Structures are given as structure tokens and as C-alpha cells.
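Colleague: Below are the sequence and a predicted model for it; my questions follow.
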Amino acid sequence: MPTVVDSEKCTGCESCVDSCPVDAIEMKDDLAVIDADTCSDCGACVDACPVEAITIE
């Protein structure tokens, strides 16, 4: 189940970057990008995102 960022909702606040325990999220062009190979699908970023731009599908 991949974790995805909705680039239209992402505000670039970096809350998800700070919350990720495996450092799978980086900012590119002021948007969060999740490295699927590193991501553990723990959901910490989903809970941390204030605009609900991140989901686990």
C-alpha cells in the first residue's frame, strides 16, 4: 500500500518531513515527495499533515 502526496493539496509546510521516522520524505520544488522504497507506510506523515495531502492507498 503506497503512501502518496496530493501535490495540489500540499502546501510545503514540511510537517511530514519532520514526522517521518525513516527519512523517506524530501522536499522537491516546495512539495513533499515520498521515496516508496524507503517508506515503511507507518502513517506518521498522514497524521502530521495539516491539510490532509497525504494518504495511504
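Modeller: Looks like it came in fine. Numbering: from 1, shown residues only.

Colleague: which residues in this protein form helices?
Modeller: Using DSSP state H, the helices of the chain run over 15-19, 44-48.

Colleague: list the helices and strands the last one packs on?
Modeller: Which is helix 44-48. Helices and strands touching helix 44-48, by 3 or more C-beta pairs under 8 Å, 6 or more residues apart in numbering; DSSP states H and E, are helix 15-19, strand 54-56. Glycine gets a C-beta too; all of them are placed from N, C-alpha and C.

Colleague: which outside residues touch that helix?
Modeller: Defining contact as C-beta atoms under 8 Å, 6 or more residues apart in numbering, one finds that helix 44-48 is touched by 3, 15-16, 18-21, 25, 32, 34, 54-56.

Colleague: let's go with 6 Å and repeat that
Modeller: Residues from elsewhere that reach helix 44-48 (C-beta atoms under 6 Å, 6 or more residues apart in numbering): S15, C16, S19, C20, I54.

Colleague: and the first one, what pLDDT?
Modeller: As predicted, S15 sits at a pLDDT of 98.

Colleague: list the contacts for it?
Modeller: So S15 contacts A48 (C-beta under 6 Å, 6+ apart).

Colleague: how about stretch 35-48: buried residues?
Modeller: C39, D41, A44, C45, V46, A48 (16 or more other C-beta atoms under 10 Å).
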